[in-house]
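Undergrad: below is the structure, and that's it, no one-letter string:
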């Protein structure tokens, strides 16, 4: 299954994060929504309209929207590049990994290593955490699948909507996601 259709921000250019940034659920930047590591691609929603010193961005890989402190971003002008020598294989185009098959042993092994390491060093749970060692539940499952080469959405409720339900837990396979909560709201996710 492919990622959801992409919303259209006001500024259509993609930019790349050079450093980690925290994304918040409002322009006040007081409640962490998620984290984005360096190398992630993003678009600005309102380039010149800062709200309380914050700007709204859209992360490319999972279309996650959030607010970041404007001071944490530096948008520079386009670089001017001249090609010194032509090459035939400067890059390769690969198929999109979404909708592929995950090596369950690899994904589950990664989760178990992270949980064991976190338990041993006293790492705290961080709501919105997507980077080791401070994950939240859906950040941990997203990270495991990402490292196994498969895209899944960021939040537990999005992962539930994305996943194919298993009608009987006895049919669950290693790497399947387990959701906790009630029929109206997912509160937690884990891996089988």
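TA: Sure thing, it's come through. Predicted model, so just to flag it, every value in this text is computed and none were measured.
Undergrad: next helix or strand past the lowest-mean-pLDDT helix or strand in the chain?
TA: Among the helical and strand segments of the chain, the one scoring lowest on mean pLDDT, DSSP states H and E is helix 104-121, with a mean of 69. Next in sequence after helix 104-121, counting helices and strands by DSSP states H and E, comes strand 130-131.
Undergrad: tell me the confidence at residue 66?
TA: Note for residue 66: predicted pLDDT of 93.
Undergrad: which ones are touching the closest residue to it other than its chain neighbours?
TA: Take residue 66 and drop its neighbours on the chain: the residue closest to it by CB to CB, 6 or more residues apart in numbering is residue 23, 2.9 Å away. Quick note: C-beta positions are derived from backbone N, CA and C, even for glycine. By CB atoms under 8 Å, 6 or more residues apart in numbering, the contact list for residue 23 reads 32-36, 57, 59, 64, 66-68, 128.
Undergrad: give the bridge partners for residue 23, please.
TA: Beta-bridge partners for residue 23, by DSSP bridges, are residue 34.
Undergrad: stretch 123-142 spans what distance, first to last residue?
TA: End-to-end distance of stretch 123-142 (CA to CA, to the nearest Å): 19 Å.
Undergrad: contacts for it, please.
TA: Contacts for stretch 123-142 (CB under 8 Å, 6+ apart): 20, 22-23, 32-37, 62, 111, 114-115, 117-118, 121, 143, 152-156, 158-159, 177, 188-191.
Undergrad: using PyMOL, define a selection of the buried residues within these.
TA: Buried members of these, defined by 16 or more other CB atoms under 10 Å, are picked up in PyMOL with:
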select buried, resi 22+23+32+33+34+35+36+62+111+114+118+143+152+153+154+155+156+158+159+177+189+190+191
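Undergrad: how about the strands in the protein?
TA: Here the chain has its strands, by DSSP state E, at 15-16, 21-24, 32-36, 41-44, 54-59, 65-69, 130-131, 134-135, 177-181, 186-191.
Undergrad: just give me how far the first one sits from the chain centre.
TA: Average the C-alpha atoms of strand 15-16, do the same for its chain, and the two points are 15 Å apart (CA atoms, centre = their mean, to the nearest Å).
Undergrad: other SSEs contacting that strand?
TA: Applying 3 or more CB pairs under 8 Å, 6 or more residues apart in numbering; DSSP states H and E, we find strand 15-16 packed against strand 41-44.
Undergrad: quick one: strands adjacent to the strand it packs on?
TA: Looking at strand 41-44 with DSSP bridges, its partner strands are strand 15-16 (antiparallel), strand 54-59 (antiparallel).
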